[in-house]
Every structure is written in structure tokens, then in C-alpha cells.
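**Student:** Here is a sequence with its predicted model. Questions after.
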Amino acid sequence: MVRIVRASASELEAAVQALRDGEPVAFPTETVYGLGANAQNPAAVRRLFELKGRPANHPVIVHLDSPRYLHRWVREVPEVAEKLAERFWPGPLTLVLPRSSTVHDVVTGGQDTIAVRVPAHPMAQQLLTAFGGGIAAPSANRYGRISPTRAEHVRDEFGDAVRVILDGGECQIGLESTIVAFDGGRARLLRPGAVTLAQLQEALGEVLVTAGGETPRVPGSTSSHYAPGTPMQIVPQDEIDARASALSEGGQRIAVLAQRLPLSTYPYVTWINAGRRAEAYGHDLYANLRTLDKAGCALILVQDVPEDPRWDVIRDRLRRGAALGVAGDDREAAAVLGVLP
């Protein structure tokens, strides 16, 4: 059971003052921890991009404490978007809508759309209400890397560069929000998340799932994302033991993320059994990958997850994490390990 923690008055005061001073604040949501800045302060938002190493054309999500403030950020809300907001907010759903003329380009990546969400975590709600405005908040990690689901993950990433970190305990969901855009009155799923395609279809009927010609750029949509520093490879379910054994026999340290225990004891292998329940696996995914990333291994092998709708969001994150590949000086070593084709 995830323990939901609320902020003290002094913690909230420090966080609100930091936001007003243009400083970044890390805070929990039900999905992952966000690195927040005053969304109406372009210099403060640019600071987020600098800290994360985030490309300037990559938009951020603006977090609000209530849908009633949408009019400050968007110029129109389609009927289908209203239906989703009524059903899933507060919650792990981000809507991409036409931006208001008052929204700065740095928030939208220069696009005519803005991504907005009303988070459900009590501490996020406390912060947003106390601040009284929108908070631009990408995940609190270096760009393209594993999202944080605990306050210590944020400290590991940024150290003293982020002065205020609100510790709300472990995130309840552990995977980023679902992102939906709108095309001619129809909803288009751009990133899978805790609000599933089936739930969207139940609320609306038809939901587009393929990219359109005018699909906006959104967070976490690049082919390489959510990646550990250690090279990662997805292995067919029935080959995970053989691959781990073969690679470790050469003396290389290998990490494994699987859905069961190993069939034998393998030398130089660090093995995590994440279980067969999709919800628990997803909740623990980023924490497990961070643990394996710190194990000093040459490669992380991930047992492929089932082809089942319950695993769609997990499969998406794993494939993006493994797609990063290995750069520069590591390519020769990776080829030896079978990471590269």
C-alpha cells in the first residue's frame, strides 16, 4: 500500500516562495515526481530546460489545481476534451489543447497547443492551491532518463541544484500520464498511461491511436526515452535465462529484470523478479531500473512483457528505454555483448 503524505505548512511556504523567486521545486504527483516552475515566468521555465538538458522545442505540461482555471491557459475546449476532464480529472491524464495567446513559447515548445493536467496527489494539490497559478513541470530527471518515483531519486539526479524537494513518499502509479490530443472533434492517444485506451474508448467511443500529420510534439514521445545509463536490451520471454547465462560466463556483470525467479544460479548476474502483475510491475519499474543501473553491470536484460492491453504502457516505456542505444566509445563493447544489430 502506497503511503500518501501531505506537506507541512513550512514546507509549502518554502516551495511557494521558491516558485515566486523563479527557482525550481520538485514535487510528487500520482504518476512521477515533477520538476516545477512558475509557468508564467519564462526565465524560470528555461531554468528547468537547462537543469534537465531538455531540447527547447520539447513542450512541458502545465499543472493546475482545478479545471476551472483552464480558460487562463487554453482558448477553447472541445466537447470531447470536456468529457475526459469531467471523468478523469484530477488524475493521470494530460490534455493537449489550443493555447491561449498569453502562454509563452517556452512552455509549448513554440507550438500552438499546450499540454495541461490536474494531478490527483494531495501534496501536488496543496502546492498548486497555495501557489495560486499554473506550474510547468516535466519529470524531475535528466532529459531522456528514468523518471523519478521517490524523492531520493530527484536528489540523486540533481543534488543541491534543486533546493526544495517536497517528499510525498512513493508515487502511487509510477508511470507518466496518458496524453491525449484532439483532431477535428476526435481524440487521439499520443502517449499511453494509467488512463487506458479502453477507458478512453468507454468514455468517448472512437479514439485515434496512430500519429496524424499535424500531431503536436508532446513529452515522452521520442523514440528514445525513459532510459537508464546502462545499455538495456529486451529479450524474448523464453530466452532470458539462456542470454543471462551466456553473457555472464565471459565474466561480464549482467543485470536482469524479469517476471520470475531465475531457473538457475548464474555467475555475475544481478536478477530482479518484478512479478507477473502489470500494476505492481509498472509501479516498481523505474525504481527497479534505477537499482539495476547502479549495480555496475555492462548490460541490463529485460524479459519481454506479455502482449496484453494491461501491459501496453509498460511495453511502451521499455521499448523507448531500450531504443536509446549506446553512444560513441561504448559501441564496440556493446556489439560484443549483442546490444547492437
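**Tutor:** Noted; the coordinates are in hand.
**Student:** Checking residue 252 next. Helix, strand or coil?
**Tutor:** Here residue 252 is coil, with the state taken from DSSP: H, G, I helix; E, B strand; the rest coil.
**Student:** Now do it against residue 164, distance only.
**Tutor:** 41 Å (Cβ to Cβ, to the nearest Å). (C-beta placed from N, C-alpha, C; glycine too.)
**Student:** again, but for residue 67
**Tutor:** To residue 164, residue 67 is 27 Å away according to Cβ to Cβ.
**Student:** Residue 141 too?
**Tutor:** Distance from residue 141 to residue 164, by Cβ to Cβ: 17 Å.
**Student:** Could you do residue 33 as well?
**Tutor:** With distances taken as Cβ to Cβ, residue 33 is found 12 Å from residue 164.
**Student:** Find residues that contact each of the two.
**Tutor:** residue 26 (Cβ atoms under 8 Å, 6 or more residues apart in numbering).
**Student:** pLDDT weak spots in the chain?
**Tutor:** Where the chain drops to pLDDT under 70, the residues are 1-5, 211-214, 220-223, 324-341.
**Student:** can you pull out the strands in this protein?
**Tutor:** For the chain, the strands defined by DSSP state E cover 25-28, 33-38, 61-63, 93-98, 113-117, 135-136, 164-165, 178-183, 186-191, 207-208, 232-235, 254-258, 269-273, 299-303.
**Student:** buried set for the first one?
**Tutor:** Of the residues in strand 25-28, those buried under the neighbour-count criterion (16 or more other Cβ atoms under 10 Å) are 25-28.
**Student:** That one pairs with which strands?
**Tutor:** Strand pairing for strand 25-28, determined by DSSP bridges: strand 33-38 (antiparallel), strand 164-165 (parallel).
**Student:** tell me the most buried of those?
**Tutor:** When you average the neighbours per residue for each of the strands paired with strand 25-28 (mean count of other Cβ atoms under 10 Å), strand 33-38 leads with a mean of 29.
**Student:** Distance from that strand to the middle of the chain?
**Tutor:** Taking the mean of its C-alpha atoms, strand 33-38 sits 13 Å from the chain's own mean (Cα atoms, centre = their mean, to the nearest Å).
**Student:** Repeat that for stretch 73-88.
**Tutor:** The answer for stretch 73-88 is 22 Å, by Cα atoms, centre = their mean.
**Student:** For it, give me every contacting residue.
**Tutor:** Against stretch 73-88 from outside (Cβ under 8 Å, 6+ apart): 39, 62, 64, 67, 70, 93, 95, 97-101, 103, 114, 116, 118, 134, 180, 182, 185-187, 195, 199-200, 203-204.
**Student:** wait, isn't residue 183 in contact with residue 207?
**Tutor:** No: contact between residue 183 and residue 207 fails when scored by Cβ atoms under 8 Å: they sit 10.7 Å apart.
**Student:** So between these two, which is more surrounded?
**Tutor:** residue 207 (19 against 15; other Cβ atoms under 10 Å).
**Student:** Contacts for the biggest helix by length in the chain, please.
**Tutor:** Looking across the chain with DSSP state H, the single longest helix is helix 278-293. Counting contacts by Cβ under 8 Å, 6+ apart, the residues outside helix 278-293 that touch it are 2, 32, 146-150, 153, 156, 170-175, 226, 228-230, 232, 255-257, 259, 270, 272, 274-275, 300, 305, 308, 310-311, 313-314, 317-318, 321.
**Student:** Check stretch 149-168 too.
**Tutor:** Applying Cβ under 8 Å, 6+ apart, the contact partners of stretch 149-168 are 4-7, 11, 14-15, 18, 23-28, 32-33, 35, 51, 121-124, 127, 140-142, 145-146, 148, 169-171, 174, 283, 286-287, 290.
**Student:** May I have that stretch exported as PDB, CA atoms only?
**Tutor:** Output of stretch 149-168 as PDB, limited to C-alpha atoms (Å, rounded to 0.1, in the frame of the first residue of the first chain):
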ATOM      1  CA  THR A 149       9.100   7.900  -8.300                       C
ATOM      2  CA  ARG A 150      10.700   8.800  -4.900                       C
ATOM      3  CA  ALA A 151      12.200  12.000  -3.500                       C
ATOM      4  CA  GLU A 152      15.600  10.400  -3.200                       C
ATOM      5  CA  HIS A 153      15.600   9.800  -7.000                       C
ATOM      6  CA  VAL A 154      15.300  13.500  -7.500                       C
ATOM      7  CA  ARG A 155      18.200  14.100  -5.100                       C
ATOM      8  CA  ASP A 156      20.300  11.500  -7.000                       C
ATOM      9  CA  GLU A 157      19.600  13.400 -10.200                       C
ATOM     10  CA  PHE A 158      20.100  17.000  -9.200                       C
ATOM     11  CA  GLY A 159      21.800  17.200  -5.800                       C
ATOM     12  CA  ASP A 160      21.900  20.700  -4.500                       C
ATOM     13  CA  ALA A 161      20.700  22.200  -7.800                       C
ATOM     14  CA  VAL A 162      17.100  21.800  -6.600                       C
ATOM     15  CA  ARG A 163      16.800  23.400  -3.200                       C
ATOM     16  CA  VAL A 164      13.200  22.500  -2.500                       C
ATOM     17  CA  ILE A 165      12.000  18.900  -2.800                       C
ATOM     18  CA  LEU A 166       8.600  18.100  -1.400                       C
ATOM     19  CA  ASP A 167       8.700  14.500  -0.200                       C
ATOM     20  CA  GLY A 168       5.300  12.900  -0.800                       C
END
